[in-house]
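In: build me a model from this:
(2 chains)
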Amino acid sequence: RKEVEQDPGPFNVPEGATVAFNCTYSNSASQSFFWYRQDCRKEPKLLMSVYSSGNEDGRFTAQLNRASQYISLLIRDSKLSDSATYLCVVKAPGRRALTFGSGTRLQVQP
Amino acid sequence: ETGVTQSPTHLIKTRGQQVTLRCSSQSGHNTVSWYQQALGQGPQFIFQYYREEENGRGNFPPRFSGLQFPNYSSELNVNALELDDSALYLCASSLQRGDYNEQFFGPGTRLTVL
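Out: Numbering: from 1, shown residues only, chains lettered A, B, ... in the order given. Reported below is the predicted structural model:
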């Protein structure tokens, strides 16, 4: 079983739609959680950290459910520029590595 | 931009050859992590260097080795290249401070092994 699992998609949505991505992680000791965005053939870039209380950054909302070991990302009012792969990332305490999911591809269509 | 640079941007090698990839970390950062990203997958942790010492390693064979220099730049060396080594190699720099430190990724080196 992979440490971080994501639906690979693609999610094809029209502009203005709301879309949600989910991610599950297997290491219950994990303490830090993130969503990264990766454009085609580019490096991953931090989109937002995910906090236990949930957090919002403009059109983006992240939620964490520790009991179910589940992380979500909600994008409201999708823009063409949101088209990318979204990577769920987890870090366990004491481990040096970030553990990435395989990513969920989003394609926003006009 | 993150201030992390990598060279070369693209590289083509043949099976059995050796390759060296380079990374310059962001100014003030003392830690460099290397990741391998195969097509359609997320990045996989290779190893991390902190103050010139290997500071953690993922599930990669010994033919993957590295160095960090006094200026905190780093090299990734891969010996006896295999076809499956074809991937995007990413380095990420960070400032080691407590358990978590944000990692800033460079643009990557795309390696093709024929």
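
In: could you pull up the residues touching the spatially most central residue of chain B?
Out: Among the residues of chain B, the one closest to the centroid is residue B:34, at 3.0 Å (C-alpha atoms, centre = their mean). If you count contacts by C-beta atoms under 8 Å, 6 or more residues apart in numbering or on different chains, residue B:34 has them with B:23, B:45, B:46, B:47, B:48, B:66, B:74, B:76, B:89, B:90, B:91, B:92. For the C-beta atoms, the positions are set from N, CA and C on the backbone; glycine is no exception.

In: now do the strands in chain A.
Out: A:4-6, A:11-14, A:19-25, A:32-38, A:44-50, A:55-57, A:60-65, A:70-75, A:84-91, A:99-100, A:104-109 (DSSP state E).

In: check contacts around residue 10.
Out: Just so you know, I chose chain A. Counting by C-beta under 8 Å, 6+ apart, residue A:10 touches A:105, A:106, A:107.

In: meant chain B, my bad for not saying
Out: B:109, B:110, B:112.

In: coming back round to it: adding pLDDT, write the contacts of residue B:34 out as TSV.
Out: Shown next, in TSV, are the contacts of residue B:34 (pLDDT from 0 to 100):
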residue	pLDDT
B:23	97
B:45	95
B:46	97
B:47	95
B:48	93
B:66	96
B:74	96
B:76	98
B:89	98
B:90	97
B:91	96
B:92	94
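
In: what parts of chain B come near chain A?
Out: Within chain B, the positions adjacent to chain A are B:2, B:33, B:35, B:40-45, B:48, B:55-56, B:58, B:88, B:90, B:92, B:99-100, B:102-103, B:105-108, B:110 by C-beta under 8 Å from any C-beta of the partner chain.

In: neighbours of the nearest residue to residue B:96 once chain neighbours are set aside, how many?
Out: In this structure, residue B:96 finds its nearest non-sequential neighbour in residue B:31, 4.6 Å apart by C-beta to C-beta, 6 or more residues apart in numbering or on different chains. Residue B:31: 23 surrounding residues under other C-beta atoms under 10 Å in any protein chain shown.

In: my read: residue B:31 touches residue B:50, true?
Out: Yes: judged on C-beta atoms under 8 Å, residue B:31 makes contact with residue B:50 at a distance of 4.7 Å.

In: shared neighbours of those two, anything?
Out: residue B:96.

In: okay, now residue B:59: neighbour count?
Out: 7.

In: what is the burial count for the nearest residue to it once chain neighbours are set aside?
Out: Nearest residue to residue B:59, sequence neighbours excluded (C-beta to C-beta, 6+ apart): residue B:44, at 7.9 Å. Residues near residue B:44, counting by other C-beta under 10 Å, number 18.

In: ok, which of the strands of chain A comes nearest chain B?
Out: strand A:99-100 (3.2 Å; C-beta to the nearest C-beta).

In: show me the shaky parts of chain B.
Out: For chain B, applying pLDDT under 70 flags the ranges B:97-100.

In: okay, strands next: where are they in it?
Out: Taking DSSP E as the criterion, chain B carries its strands at B:5-7, B:10-13, B:19-24, B:31-37, B:44-50, B:53-57, B:64-68, B:74-78, B:87-94, B:104-105, B:109-113.
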